[in-house]
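Asker: got a predicted structure here, sequence first:
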Amino acid sequence: MVGLFPGLSAGELAHILHMHPSTLTGVLQRLIEQRLLERTTAESDRRRAQLRLTSRGARINQVTDGTVESAVGRALKRASRRDRAAAQRLFSALTDALSPPDEAVSRSVRK
């Protein structure tokens, strides 16, 4: 996900993965320690941390041709930032619509 959406915050990543942020913290720390992921400060808001793949992480994250992931990656690379943001909102809405009612409500409260 970080490879597809560079600059995600840990909270945004947890939301996309349907994980509790505290569960994700240890995973992110291990990826940072392995030099696969880096945490940077957002230029627009110095209080916000962003996640990005390192060059080593990007090499490992490369998707081979002929997979669904590679097709999605190519489509996302061709899409504008605005279109990617719209797609992210649409997929979040679909996730909420497909989730049990109590999960969708708790997710909308976190947004």
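Answerer: The structure has been received and is ready for your questions. Computed from a prediction, not measured in an experiment: that's the story for all the values here.

Asker: distance of His20 relative to Ala93?
Answerer: Applying Cβ to Cβ, to the nearest Å, the value for His20 to Ala93 is 21 Å. For the C-beta atoms, the positions are set from N, CA and C on the backbone; glycine is no exception.

Asker: repeat for Asp65
Answerer: Applying Cβ to Cβ to Asp65 and Ala93 gives a distance of 31 Å.

Asker: mind checking which of the two has more residues around it?
Answerer: Between Asp65 and Ala93, counting by other Cβ atoms under 10 Å, Ala93 is the more crowded of the two (11 against 7).

Asker: show the average pLDDT along the helix or strand hosting that one.
Answerer: If you go by DSSP states H and E, Ala93 is part of helix 81-98. Taken as a whole, helix 81-98 has an average pLDDT of 91.

Asker: would you mind confirming that Leu36 makes contact with Arg52?
Answerer: No: with contact defined as Cβ atoms under 8 Å, Leu36 and Arg52 do not form a contacting pair (10.5 Å).

Asker: how about the residue lying closest to Ala58 once chain neighbours are set aside, what does it touch?
Answerer: Excluding the flanking residues, the one nearest Ala58 by Cβ to Cβ, 6 or more residues apart in numbering is Gly3, at 6.8 Å. Counting by Cβ atoms under 8 Å, 6 or more residues apart in numbering, Gly3 touches Leu53, Gly57, Ala58, Asn61.
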